[in-house]
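Peer 1: Have a look; sequence and predicted model below, questions after that.
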Amino acid sequence: MLTVQDLHAGYGASEVLHGVDLEVGQGQLVALIGANGAGKTTTLRAVSGLVRPSRGKVLLEGREVQGLEASRVARLGLAHAPEGRRIFPTLSVEDNLLLGAYGRLPILLGYKGRAVASLQRVYDLFPRLGERRRQDGGTLSGGEQQMLAIGRALMADPKIMLLDEPSMGLAPVIIQEVFATIRRLKASGITLLLVEQFAKSALEVADHAYVMERGRVVAQGSPEELKKQERVIEAYLG
Amino acid sequence: MPSVVVAQMVVSGALMGLVYALIAYGFQLTFASSRSINFGQGELVMVSAFVSLTLTLHGVPYWAMIPCGMLFGALMGLVIERTGVRLALEQKSEGWILMTIILGLFFFSGAENLWGRDDRPFPTPIPSDPIHILGVDVTPLELSVGVGVLAIMGLIETFKRRTLLGKALEAVSTDRDAAELMGISARKSIMLSYALSGAVAALAGILVSPITTVGPTMASALILKAFSVAVVAGLDSGFGVVLVGMFLGATESLASFYLGSGWREAPGLILLILALAVRPTGIFGKAVIRKV
Ligand SMILES: Nc1ncnc2c1ncn2[C@@H]1O[C@H](COP(=O)(O)OP(=O)(O)OP(=O)(O)O)[C@@H](O)[C@H]1O
Ligand SMILES: [Mg+2]
């Protein structure tokens, strides 16, 4: 589904990624873990087109997408729920969700009618979003905003979803809810690339995981394999 | 009856002021999507007015000329975005400021060469015999300015609130990256906002020209006041420009009546100076100035 080969990217003159390789298969949940500043977010940004890679390839279903505008990549079926959620605070919850499906809805009128089924699916998954559909996105709590960010990504009916630290800044109870949601998404067959600080929880849900350090992948394998590796245990699971 | 005279001045001034509001609204449109504005907007108003005049003189009926003129303005808006703005924004520089000023100068000398330096009358089928409304005399021509300005602004605001494309524009203006992740092209949104801004500038020219005449120098007179309005009303709030524009128009016409026509430009300048003194970050807001 998604293949990343020798990806180099950075900000201005400073290179952050020094050749990242990873692979996400159809229906897989792949976790990307690593310390602060390892380059996890940059990897996702370079995959979705928010950062232009200076070298390397990003293949979405075998098609090269590196260097395309992020909006093009999104329309090809990649939904990226970014770090910090980045919902549109001045738009209503429902408008936020509708924009998630922007690529496949009529852009002038009649868009609501065409989105009824997808909206309902998101409201079934997150009933609280349904209750607050007319509220401005900015008035939601942190946990609700994370649900909105995930729901907005689901609205696109994506082939693959990138999820960057959905647990960031949330209370432990809410984090458990977020991971419950991730399990449900996985059960529904969606392909997911998950970035997480909470390596333990991430390894519990993942089919495969990559460990990043200073812009490189330093370990990878199934969660069971990784849990056996000394340096992974020391650094992330200790 | 001085109070009648005052009311008279205030009403016709305020209606003129709506033209400044409309031009300032054009600044808001592009600022929302791209944090940039066209400093040659006055020249765009002027050139569009000249093109519309030429269409009229070639026998195009008034009501058909308006959409054609606006289309021309929209196209010029796209040209300005492509040649003057896009590259600078991609490189995160403020080069667009100089570039749009230079494009304005091009438009100015182009107009002088094509149409000459003289002010020319702009024919219109809308009568200019005053009608009596609530104790003041207003000409249908002046009323048409008000109706035209409020209609186009209402139309665009409705478009922004009701259509998914309009919401997408709002998304781009609040968080460009997040909007891109939704599949919304920021580049196309900026193009659209420049096209709308150009169309709005053209309409301002078409509405005001029958009252003021058309000439290459109309640009500088209009743009200064539009700037004043934009600085005072701010570049992000939709209808604030309407109030400030009407206020400025009314003040202007009172000043020229009581102090002499030489004082007509004074209120706009005073307003601009005051606004900049109170809000030194001025027209660009904080973000841009900090970088400059
Ligand atoms: N916008 C930016 N401009 C310049 N440097 C940046 C920018 N964003 C990130 N960096 C740098 O790139 C490196 C990797 O950052 P990145 O955000 O990808 O790490 P991360 O693994 O996601 O970390 P975290 O777990 O804290 O989110 C860091 O050294 C950071 O300082
Ligand atoms: Mg990160």
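Peer 2: Looks like it arrived, so ask away. Numbers count the residues shown, from 1 in each chain, chains lettered A, B, ... in the order given. Ligands and ions are numbered 1, 2, ... in the order given.

Peer 1: Quick check: the residue of chain A nearest ligand 2.
Peer 2: For chain A and ligand 2, the shortest gap (C-beta to the ion) falls at A:T41, measuring 3.1 Å. Backbone N, C-alpha and C define where each C-beta goes, glycine included.

Peer 1: Is the residue nearest to that residue when sequence neighbours are not counted in a helix, a strand, or coil?
Peer 2: Leaving aside its sequence neighbours, A:T41 sits nearest to A:E83 (C-beta to C-beta, 6 or more residues apart in numbering or on different chains; 5.0 Å). Three-state call for A:E83 (DSSP: H, G, I helix; E, B strand; the rest coil): coil.

Peer 1: can you count the residues close to A:E83?
Peer 2: Neighbours of A:E83 under the rule other C-beta atoms under 10 Å in any protein chain shown: 17.

Peer 1: Quick check: it touching A:M168?
Peer 2: Yes - the criterion here is C-beta atoms under 8 Å, and A:E83 meets it with A:M168 at 6.8 Å.

Peer 1: neighbours of the closest residue to ligand 1 within the stretch 51-200 of chain B, just the number please.
Peer 2: Per C-beta to the nearest ligand atom, B:D177 is where the stretch 51-200 of chain B lies closest to ligand 1, at 10.5 Å. The number of residues packed near B:D177 is 17, by other C-beta under 10 Å.

Peer 1: do B:G116 as well
Peer 2: B:G116: 12 neighbours (other C-beta under 10 Å).

Peer 1: cool, B:S261 as well?
Peer 2: Neighbour tally, B:S261, other C-beta under 10 Å: 9.

Peer 1: neighbours of residue 72, just the number please.
Peer 2: Here I'm looking at chain A. Residues lying near A:R72 (other C-beta under 10 Å) number 16.

Peer 1: right idea, wrong chain: chain B
Peer 2: 20.

Peer 1: Does the longest helix along chain B reach chain A?
Peer 2: Ranked by number of residues, the top helix in chain B under DSSP state H is helix B:2-34. No - using C-beta under 8 Å from any C-beta of the partner chain, helix B:2-34 never reaches chain A; the gap is at least 11.5 Å.

Peer 1: returning to that earlier point: give the next helix or strand downstream of the helix or strand encompassing the residue of the stretch 51-200 of chain B closest to ligand 1.
Peer 2: Per DSSP states H and E, B:D177 falls inside helix B:176-181. Once the chain leaves helix B:176-181, the next helix or strand it forms, by DSSP H and E, is helix B:186-212.

Peer 1: Remind me what that following helix packs against, helices and strands.
Peer 2: Contacts defined by 3 or more C-beta pairs under 8 Å, 6 or more residues apart in numbering or on different chains; DSSP states H and E place helix B:186-212 against helix B:2-34, helix B:41-57, helix B:62-80, helix B:86-90, helix B:140-162, helix B:164-174, helix B:176-181, helix B:218-233.

Peer 1: would you list the ones you listed in JSON lines and tack on mean pLDDT?
Peer 2: Formatted as JSON lines, these follow (pLDDT from 0 to 100):
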{"stretch": "helix B:2-34", "mean pLDDT": "89"}
{"stretch": "helix B:41-57", "mean pLDDT": "95"}
{"stretch": "helix B:62-80", "mean pLDDT": "96"}
{"stretch": "helix B:86-90", "mean pLDDT": "90"}
{"stretch": "helix B:140-162", "mean pLDDT": "93"}
{"stretch": "helix B:164-174", "mean pLDDT": "95"}
{"stretch": "helix B:176-181", "mean pLDDT": "96"}
{"stretch": "helix B:218-233", "mean pLDDT": "88"}
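
Peer 1: Burial-wise, tell me which of these comes out on top.
Peer 2: Of all these, helix B:41-57 carries the top mean neighbour count, a mean of 26, counting by mean count of other C-beta atoms under 10 Å in any protein chain shown.

Peer 1: Show me what it packs onto, helices and strands only.
Peer 2: Helix B:41-57 packs on helix B:2-34, helix B:62-80, helix B:95-115, helix B:186-212, helix B:218-233, going by 3+ C-beta pairs under 8 Å, 6+ apart.

Peer 1: and the angle from it to helix B:2-34?
Peer 2: Relative orientation of helix B:41-57 and helix B:2-34, computed by axes from the mean of the first three to the mean of the last three C-alpha atoms, to 10 degrees: 110 degrees.

Peer 1: What is the distance between helix B:41-57 and the centre of its chain?
Peer 2: Chain-centre distance of helix B:41-57: 13 Å, with C-alpha atoms, centre = their mean, to the nearest Å.

Peer 1: Likewise for stretch B:163-179?
Peer 2: Offset of stretch B:163-179 from its chain centre (C-alpha atoms, centre = their mean): 23 Å.

Peer 1: is it up against chain A anywhere?
Peer 2: Yes - for stretch B:163-179, a contact with chain A is found by C-beta under 8 Å from any C-beta, at B:163-165, B:167-168, B:170-171, B:174-175, B:177-179.

Peer 1: Check these and tell me the two furthest apart.
Peer 2: B:T163 and B:D177 (22.3 Å; C-beta to C-beta).

Peer 1: Show me where chain A dips below the pLDDT cut-off.
Peer 2: A:231, A:234-238 (pLDDT under 70).

Peer 1: Okay, helices next: where are they in it?
Peer 2: Going by DSSP H, chain A shows helices at A:40-48, A:70-75, A:93-100, A:111-125, A:127-131, A:142-155, A:172-187, A:199-205, A:223-228, A:230-232.

Peer 1: Show me what the fifth one is packed against.
Peer 2: Helices and strands in packing contact with helix A:127-131 are listed as helix A:111-125, helix A:142-155; criterion 3+ C-beta pairs under 8 Å, 6+ apart.

Peer 1: Which one of the ones you listed lies nearest to A:L22?
Peer 2: Here helix A:142-155 is closest among the helices and strands packed on helix A:127-131 (C-beta to C-beta), at 19.4 Å.

Peer 1: quick one, that closest one and helix A:93-100 angle?
Peer 2: Going by the same axes, to 10 degrees, helix A:142-155 makes 40 degrees with helix A:93-100.

Peer 1: looking at the sheet around the residue nearest the centre of chain A, what are its partners?
Peer 2: Geometric centre of chain A, nearest residue: A:L163, 1.7 Å, by C-alpha atoms, centre = their mean. Note on A:L163: beta-bridge partners A:A81, A:L194, judged by DSSP bridges.

Peer 1: what's the closest non-adjacent residue to the residue of chain B found nearest ligand 2?
Peer 2: Chain B approaches ligand 2 most closely through B:D177 (14.0 Å), counting by C-beta to the ion. Nearest-residue entry for B:D177: A:L50, 5.5 Å, with adjacent residues in sequence omitted and distances by C-beta to C-beta, 6+ apart.

Peer 1: and if you look at B:G245?
Peer 2: Going by C-beta to C-beta, 6+ apart, B:G245 has B:A21 as its nearest residue, at 2.8 Å.

Peer 1: my read: that neighbour touches B:S237, true?
Peer 2: No - the criterion here is C-beta under 8 Å, and B:A21 misses it with B:S237 at 12.0 Å.

Peer 1: does the residue in the stretch 1-150 of chain B that chain A sits nearest to sit in a helix or strand, and which one?
Peer 2: Proximity to chain A, evaluated over the stretch 1-150 of chain B using C-beta to the nearest C-beta, is greatest for B:K92 at 10.1 Å. Assigned by DSSP H and E, B:K92 falls within no helix or strand.

Peer 1: can you pull the contacts of it?
Peer 2: Contacts for B:K92 (C-beta atoms under 8 Å, 6 or more residues apart in numbering or on different chains) come out as none.

Peer 1: Next: B:V138.
Peer 2: Taking C-beta under 8 Å, 6+ apart, we find B:V138 in contact with B:11-12, B:15, B:130-131.
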